[in-house]
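> Sequence plus the predicted model coming up.
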Amino acid sequence: MFQVVAHAFGSPEDALMYAPAPRPAPGQGDVLVRMRASTINPSDLIPVTGAYRHRTPLPFVPGYDGVGVVDETGPGVDPALRGRRVLPLGSAGNWATWKVLPAASCVDVPDDITDEQAALAYINPLTARLMVQALSPVPGDRIGITAAASGIGRMLIRLLDAAGASPIAIVRSTQARLSLRGEPAEVIEEGAPLPPLAAGLDAVGGLAGARLSAAIRPGGLLLHYGLLSGQPLPPALPGHARASVKLFRLRDWVQAASPADLRAAMSETFADIRSGLCASRVEADYPLAAFRDALRHNARPDRDGKILLRP
Ligand SMILES: NC(=O)c1ccc[n+]([C@@H]2O[C@H](COP(=O)([O-])OP(=O)(O)OC[C@H]3O[C@@H](n4cnc5c(N)ncnc54)[C@H](OP(=O)(O)O)[C@@H]3O)[C@@H](O)[C@H]2O)c1
């Protein structure tokens, strides 16, 4: 089998290698999943840079999102699982031909969900759904979203709109503003004045996160879930009290969830994908062996959708 593996920390293009590896065998309670498609999310690339080196043992295979088919079952696992199309959740390692993981960490994919959407069904759709639940907006609430043209930003816009709230989409370029035409949001370029907000969802940090926080009414909540600027949220903008800030990390929710909770949440997420609320745009498809081309495409400023990797 082949895998994309990080043997050292560094820029993903330099640090990652496409390399052969022995086909793994499923142990007690495990399944062997043959991967069909995966994608590139910011959460796959950040550990490669060494940002979390204290909790990232080398070597490792990135890839948290993806879909595959159960090829083999280990001792103690029902052999009837063979041939099932699943999301192999809860660990990285999807940028590979095969992945071994506990059978309990696999979630069945409904037949009407394409491989393309299934490969993108976990990280962004589930996070978006859980964060909107955590905000529990009431109709008419204005809710600001930074990096709103990102994959997850578009899902947040649609989920909030479906909940009756008024999404305020904050973007950093005219191109991003234009790409949101047709989405149910008021679109504002970063730095322009924001209306008073009931709550906010921030994936940028730094000044953009601070501006969003300053626009939230007293007692309102800012869910901070990403650091695209590389800068932490500053304590507050001068003259502004900061909204109550909560950090959201999908992995914290998943670690606390039972397998039944995860299955129930994914079943709702599949429904959101079917309805279009959490469907993802896919811009390009690359064989895993061409992962460097895929990384370069992923970094292009004109990219307007996700990149698929096919082992
Ligand atoms: N906490 C969690 O559990 C969790 C779960 C899912 C996602 N996330 C986070 O959500 C964020 C978006 O993920 P995604 O998969 O949706 O990304 P994506 O589809 O790859 O899009 C990222 C977009 O962010 C925008 N961006 C990049 N740097 C920016 C900056 N400094 N200021 C403003 N916008 C910037 C870019 O848009 P333009 O070039 O068009 O401006 C880029 O297209 C990431 O930070 C990710 O880690 C967190």
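Yes, it's here.
> Now the residue in the chain that the ligand sits nearest to: closest residue in space, sequence neighbours ignored.
Among all residues of the chain, Gly226 sits closest to the ligand, at 2.5 Å; criterion: CB to the nearest ligand atom. Where you see a C-beta, it was placed from the backbone N, CA and C, and this is true even at glycine. Closest residue to Gly226 in three dimensions, ignoring its sequence neighbours and counting by CB to CB, 6 or more residues apart in numbering: Ala203, at 3.1 Å.
> Stretch 1-17 - what's its average pLDDT?
Stretch 1-17 shows an average pLDDT of 97 in the prediction.
> Now do the end-to-end distance for stretch 173-182.
According to CA to CA, to the nearest Å, stretch 173-182 extends 17 Å from its N-terminal end residue to its C-terminal end residue.
> Buried residues in that stretch, which are they?
When burial is assessed from 16 or more other CB atoms under 10 Å, stretch 173-182 yields the following buried residues: Ala176, Arg177, Ser179, Leu180.
> Helices - which of these land there?
In this view, these that belong to helices under DSSP state H are Ala176, Arg177, Ser179.
> ok, now how distant is Ile307 from Gly10?
Separation of Ile307 from Gly10 (CB to CB, to the nearest Å) stands at 20 Å.
> Same check on Ser136?
The spacing between Ser136 and Gly10, counted by CB to CB, is 42 Å.
> before we move on, what about Pro232?
Distance of Pro232 to Gly10, computed by CB to CB: 23 Å.
> ok, now Ala214?
With distances taken as CB to CB, Ala214 is found 36 Å from Gly10.
> Of the two, which one has the most company?
A count of neighbours by other CB atoms under 10 Å puts Ala214 above the other of Ala214 and Gly10, at 19 against 13.
> can you tell me the helix or strand for the nearest residue to that one once chain neighbours are set aside?
Using CB to CB, 6+ apart and skipping the chain neighbours, the partner closest in space to Ala214 is His240 (3.9 Å). Under the criterion DSSP states H and E, no helix or strand holds His240.
> What is the neighbour count of His240?
13.
> Then the one 3 residues further on?
Residues contacting Ala243 under the criterion other CB under 10 Å number 25.
> What confidence value was assigned to Arg242?
pLDDT recorded at Arg242 is 81.
> same question, the one 10 residues further on
Reported pLDDT at Asp252 in the predicted model: 96.
> swap in Ala163?
Looking at Ala163, its pLDDT stands at 97.
> Excluding chain neighbours, give the residue nearest to it in space.
Ala163 sits nearest to Pro137 (CB to CB, 6+ apart), 5.3 Å away.
> residue contacts, that neighbour?
By CB atoms under 8 Å, 6 or more residues apart in numbering, Pro137 lies in contact with Ile143, Leu160, Ala163, Gly164, Ala165, Ala198, Ala199.
> For this structure, which segments count as helices?
With DSSP H as the criterion, the chain has helices spanning 12-15, 42-49, 115-118, 123-135, 151-162, 174-179, 206-215, 250-256, 259-275, 291-298.
> same for the second one, what does it pack against?
When you say that, I think you mean helix 42-49. For helix 42-49, the contact count by 3 or more CB pairs under 8 Å, 6 or more residues apart in numbering; DSSP states H and E identifies helix 12-15 as packing neighbours.
> buried residues in the helix it packs on?
Pro12, Ala15.
> about what we covered before: now distance to Asp30 and pLDDT too, for the buried residues of stretch 173-182, in TSV please.
Shown next, in TSV, are the buried residues of stretch 173-182 (distance: CB to CB, whole Å; pLDDT from 0 to 100):
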residue	distance to Asp30	pLDDT
Ala176	42	95
Arg177	47	96
Ser179	42	95
Leu180	43	97
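> Now do the same contact list for Ala198.
In this structure, Ala198 makes contact with Pro137, Val138, Asp141, Arg142, Ile143, Ala165, Ile216, Arg217, Gly220, judged by CB under 8 Å, 6+ apart.
> tell me the pLDDT at the residue nearest to Gly226?
At Ala203, the predicted lDDT confidence score is 98.
> What is the neighbour count of it?
Other residues lying near Ala203 total 24 when counted by other CB under 10 Å.
> and if you look at the one 4 residues further on?
Other residues near Leu207 number 15, with proximity taken as other CB under 10 Å.
> was I right about it contacting Gln231?
Yes - with contact defined as CB atoms under 8 Å, Leu207 and Gln231 form a contacting pair (7.4 Å).
> and stretch 65-77, which residues are buried?
Of the residues in stretch 65-77, those buried under the neighbour-count criterion (16+ other CB under 10 Å) are Asp65, Gly66, Val67, Gly68, Val70, Glu72, Thr73, Gly74, Val77.
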